[in-house]
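Undergrad: fold the following for me, if possible:
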Amino acid sequence: MKVCRQEIYYPLLVIFTISLMLWQQFGMDITLTYPVNQHVDATLLNDDINGGASIGTISTQNDSLSLRCKTVSSNTFPFCSMLIPLASKQSQYADLSKFDTLNIDLTTVDLKRDTVLIYLLNHEQNLPNGVDKISHTRANIQAINPTIGRAQYRLALNQFYVPSWWVFAKPFNIDTAAKLDNVEYLQIATGDSRSLKDLEIALHAFSFSGKWINAKDLYFLLLSLWIASIVVHAIYLAGKMHSKYITSKSKAEELNKINSFLSIERDKYKTMAKHDPLTKLLNRAGLSGSLSKLMSEFSHSSQAASLIMFDIDHFKLINDQHGHDTGDQVLISISQKVSEMIRDQDVFARWGGEEFVIVCPNTQLQGACVLAENVRAQIANSQLIHQGQVTSSFGVAQLNSANIDTWFKRADEALYKAKTAGRNRVELS
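TA: The predicted model follows:
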C-alpha cells in the first residue's frame with residue numbers, strides 16, 4: 001500500500017518537536033562549577049577607591065573564602081567586596097549567556113540585618129561616535145536578602161540588572177541592558193544599607209546551571225523549522241496545482257493567515273519585551289521611544305517636558321516584614337492608581353525595583369510638581385496594605401538640554417534630596 005510522504009512527515013515533525021521540548025524541559029542540563037579553595041586568586045575591593053576608609057580582609061580555608069569587613073563612615077558609600085575571577089583554560093572570561101541560574105553557597109555573620117550584593121562584571125568594548133574602541137566593565141547586579149548563617153541561594157541570571165549609578169558614570173551614551181556574555185569576575189559585596197557594620201561573608205561554593213539550548217533559542221529554531229516546512233509544502237502544492245487557479249489561490253490565502261499569525265506572535269513578543277511583567281507598565285526599553293521623541297522635539301523647538309521620578313519609601317522593610325507577595329501587591333496597586341491620575345499624553349514606566357518615572361510632555365516644572373504632589377498624596381492616603389501607611393518620595397526635573405542622562409540624573413538627585421529630607425515629599429531640581 002502506497003503511503004503519502006506528507007502523512008508520514010508531519011507526524012514525525014510533531015514527535016520531533018515535542019521530544020525536543022520535553023528534552024529541553026527535563027534534560028539538556030549543563031553546569032559550570034568553580035572550586036573555592038586556597039588556589040582561588042580572590043581580590044579585595046573596598047571603598048578606598050572612592051576615598052573611603054572601610055577595613056576589609058580576605059582569608060582562605062580549604063573549602064571557603066571569607067570576607068571580613070568593618071565599614072567606616074566617610075564622604076563616600078562604605079563597602080567591602082571580594083572579586084573572584086571566572087577565568088578558564090580557554091579564556092579569561094566566562095560566557096554565561098547559555099546559563100540561567102547562579103547557585104551560591106554563603107555563610108553570613110552580621111550584627112545588623114542587611115543585603116548582600118552579587119555582581120557579575122562583564123568585560124566589553126564600545127564604539128562611541130566612530131572613534132577607537134573603549135573597554136569598560138559592565139556591572140550587572142542582584143541583591144540577596146540573606147539568612148544569617150549558612151544557606152544556599154539560586155539567582156536567576158535574567159533578573160540581574162545594570163544599576164543606575166553605573167549608567168550615570170559612563171561618559172558616553174551606552175545601552176543599559178544586562179549582559180553576561182563575557183563575564184570576568186563574580187563580585188560579592190556588602191549590602192546597600194548605609195548603616196555601619198562589622199560582618200563576615202564566607203563563600204563555600206558557586207556554580208552556574210542552564211541548558212545546552214535555552215527555551216527561547218529552541219522555540220525559535222523549532223518555529224523556523226515549522227515555517228520552513230510550511231514554505232516547502234506550499235511550494236510543492238504550488239508546483240503540483242499550478243494549473244488550478246482556485247486551488248492555488250486558496251493555498252496562498254492559507255499561507256497569508258499563517259504569516260499573519262506569526263506577525264501577531266512577533267508583535268506580542270515585542271510588546272512583552274517592552275513591558276514590566278508584574279505591573280504591566282512600560283519598562284526601560286519600552287520608555288526609550290518616548291524619550292527619543294522628546295529629545296527630538298526639544299532639539300528642534302525647545303518643547304517643554306518634565307520628568308517625575310519616585311520610589312516607595314522603606315520598600316525593603318515592607319518585603320522583609322510582610323513578604324514579597326505584599327510588596328508585589330503594593331507595586332501593582334500604585335501602578336494602577338497613578339495610571340488613573342495621569343494624562344493620556346504622559347508616559348508612566350517602572351524604572352526598576354520600587355522606582356517609577358512619569359514623563360510629562362508639554363509640561364513646565366510647576367505643572368509636573370503639582371502632579372507629583374497629587375500622586376504623593378494619593379499614595380499616602382490610600383490603604384495599600386492593612387499593616388500601615390505606604391508613602392513615596394519624589395524628584396522632579398524639567399528638561400533643559402538634549403541629554404537624557406543629565407535629565408534623569410537631576411531628577412534622581414532631587415529624589416535623593418526628598419529621601420534625605422524625611423521622605424514622603426516632593427523636591428524640585
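
Undergrad: give me the pLDDT for N126.
TA: For N126, the pLDDT comes out at 66.

Undergrad: burial measure for W166, as a count.
TA: 18 (other CB atoms under 10 Å). To be clear about C-beta, it is placed using only N, CA and C from the backbone, and glycine gets the same treatment.

Undergrad: from L155, how far off is the nearest residue to it once chain neighbours are set aside?
TA: Closest residue to W166 apart from its sequence neighbours, by CB to CB, 6 or more residues apart in numbering: A139 at 4.4 Å. Here the criterion is CB to CB, to the nearest Å. By it, A139 lies 15 Å from L155.

Undergrad: in a strand, that's where the residue nearest to W166 is, yeah?
TA: Yes: secondary structure assignment places A139 in a strand (DSSP: H, G, I helix; E, B strand; the rest coil).

Undergrad: who's it bridged to?
TA: L121 (DSSP bridges).

Undergrad: what is the neighbour count of it?
TA: By other CB under 10 Å, 20 other residues sit near A139.

Undergrad: could you find the closest non-adjacent residue to the residue nearest the centre of the chain?
TA: The structure's the chain has its C-alpha centroid closest to Y161; by CA atoms, centre = their mean the separation is 3.7 Å. Closest residue in space to Y161, ignoring its immediate chain neighbours: A178 at 5.5 Å, by CB to CB, 6+ apart.

Undergrad: on that earlier part again, the residue nearest to the centre of the chain: what's it in contact with?
TA: Contacts of Y161 were listed using CB atoms under 8 Å, 6 or more residues apart in numbering, and they are N140, I141, Q142, A178, G352.

Undergrad: the strands in the stretch 151-300 of the chain, which residues?
TA: Secondary structure of the stretch 151-300 of the chain (DSSP state E, counting those that start in this stretch): strands at 183-190, 198-211.

Undergrad: what about the nearest residue to D48 once chain neighbours are set aside, distance to Q364?
TA: Nearest non-adjacent residue to D48, counting by CB to CB, 6+ apart: S54, 7.3 Å away. With distances taken as CB to CB, S54 is found 44 Å from Q364.

Undergrad: from what I can see G395 touches F408, true?
TA: No: between G395 and F408 there is no contact under CB atoms under 8 Å: 9.8 Å.

Undergrad: identify the contacts common to these two.
TA: Contact criterion CB under 8 Å, 6+ apart; residues shared by G395 and F408: M309.

Undergrad: spit out the contact partners of A305.
TA: By CB under 8 Å, 6+ apart, the neighbours of A305 are L294, E297, F298, V359, C360, P361, N362, T363, Q398, L399.

Undergrad: look up phi and psi at the closest residue to the first one other than its chain neighbours.
TA: Using CB to CB, 6+ apart and skipping the chain neighbours, the partner closest in space to L294 is A305 (5.0 Å). Per-residue torsions, A305: phi -160, psi 150 (degrees, to the nearest 10).

Undergrad: which residues does A305 bridge with?
TA: P361.

Undergrad: now the helices for the stretch 101-250 of the chain?
TA: When assigned using DSSP state H, counting those that start in this stretch, the helices of the stretch 101-250 of the chain occupy the ranges 164-169, 215-240, 245-273.

Undergrad: quick one, what contacts K197?
TA: Counted by CB under 8 Å, 6+ apart, K197 has contacts C69, K70, T71, D110, L111, K112, D114, T190.

Undergrad: can I have the buried ones of those as a ChimeraX selection?
TA: Buried subset of those, written as a ChimeraX selection, criterion 16 or more other CB atoms under 10 Å:
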select :69,71,110,114,190
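
Undergrad: could you export the contacts of K197 to a markdown table, including columns for pLDDT and distance to S429?
TA: Converted to a markdown table, the contacts of K197 look like this (pLDDT from 0 to 100; distance: CB to CB, whole Å):
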| residue | pLDDT | distance to S429 |
| --- | --- | --- |
| C69 | 92 | 34 |
| K70 | 92 | 36 |
| T71 | 91 | 30 |
| D110 | 73 | 36 |
| L111 | 58 | 37 |
| K112 | 72 | 33 |
| D114 | 84 | 30 |
| T190 | 92 | 30 |
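
Undergrad: dump the contacts of K197 into TSV; add distance to S59 as well.
TA: Shown next, in TSV, are the contacts of K197 (distance: CB to CB, whole Å):
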residue	distance to S59
C69	12
K70	14
T71	18
D110	17
L111	19
K112	22
D114	21
T190	16
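
Undergrad: convert the helix or strand harbouring A349 to PDB, retaining C-alpha atoms only.
TA: Assigned by DSSP states H and E, A349 falls within strand 347-352. The C-alpha coordinates for strand 347-352 follow below in PDB (Å, rounded to 0.1, in the frame of the first residue of the first chain):
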ATOM      1  CA  VAL A 347       4.200  58.200  29.900                       C
ATOM      2  CA  PHE A 348       4.300  56.100  33.100                       C
ATOM      3  CA  ALA A 349       7.000  53.400  33.400                       C
ATOM      4  CA  ARG A 350       8.600  51.100  36.000                       C
ATOM      5  CA  TRP A 351      12.300  52.200  36.100                       C
ATOM      6  CA  GLY A 352      13.400  49.200  38.200                       C
END
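
Undergrad: buried residues, that strand. List them.
TA: Judged by neighbour count (16+ other CB under 10 Å), strand 347-352 contains these buried residues: V347, F348, A349, R350, W351, G352.

Undergrad: next up, phi/psi of D313, please.
TA: Torsion angles, degrees, to the nearest 10, at D313: phi -70, psi 140.

Undergrad: list the residues that contact it.
TA: By CB under 8 Å, 6+ apart, the contact set of D313 is V390, T391, S392, S393, K419, R423, N424.

Undergrad: no further queries at this time; thank you.
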